[in-house]
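1. I need the structure of the sequence given here:
(chains A and B)
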Protein chains: 2
Amino acid sequence: MKARVHVMLKDGVLDPQGEAVRHALGSLGFEGVDKVRQGKVIELDLADGTPEETVREMCEKLLANTVIERFDIELV
Amino acid sequence: MKARVHVMLKDGVLDPQGEAVRHALGSLGFEGVDKVRQGKVIELDLADGTPEETVREMCEKLLANTVIERFDIELV
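-> Numbers count the residues shown, from 1 in each chain, chains lettered A, B, ... in the order given. Got it, this is the predicted structure:
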């Protein structure tokens, strides 16, 4: 089975990467780009039957810094 | 409107970040983690009515390195 985890900075946490992308898109002539947030996506190939709870534990222990990041899990 | 872009390394391209995550999960005692790929997710706030074609152009010009990365676009 596969799990896909999205890790994004929490709202209110400054995102310099996203800000750099927004600025660069403007420089390239793309208009109407209001806000950009950049995060990580992690695709995991797991043993069949791995519960979502285990994936949550992986996120809390390693994949996300829960002080400044939120994550969501999608089992595929 | 919002667009969400996923950028992942193409299959066959070595992913040292993903490999490091796989190894770290093993060290933490998580078993059955077979393969890990790490990519980027970019959330864009765009002017209403921006066509997907424009977002595709953003990906090709800036967000993804299409030599080694593939991207997919989701309009929300």
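2. Off-centre distance for the lengthiest strand in chain A?
-> Assignment by DSSP state E gives strand A:33-46 as the longest strand of chain A. In terms of Cα atoms, centre = their mean, to the nearest Å, the centre of strand A:33-46 is set 4 Å apart from its chain centre.
3. just checking, next helix/strand downstream of it?
-> Per DSSP states H and E, the first helix or strand lying C-terminal to strand A:33-46 is helix A:52-58.
4. Which of the helices or strands spans the most far-flung residue of chain A relative to its centre?
-> Ranked by distance from the centre of chain A (Cα atoms, centre = their mean), the top residue is A:G29, with 26.5 Å. Following DSSP H and E, there is no helix or strand that holds A:G29.
5. mind checking the backbone torsions on it?
-> Backbone geometry at A:G29, expressed as degrees, to the nearest 10, gives phi 100, psi 10.
6. Please tell me how far it sits from chain B.
-> Distance of A:G29 to chain B, given as Cβ to the nearest Cβ, to the nearest Å: 9 Å. In this view, the C-beta of every residue, glycine as well, is placed from N, C-alpha and C.
7. ok, the residue nearest to A:T54 when sequence neighbours are not counted - contacts?
-> Of all residues not flanking A:T54 in the chain, B:F30 sits nearest, at 7.0 Å (Cβ to Cβ, 6 or more residues apart in numbering or on different chains). With contact set as Cβ atoms under 8 Å, 6 or more residues apart in numbering or on different chains, B:F30 has these partners: A:54, A:57-58.
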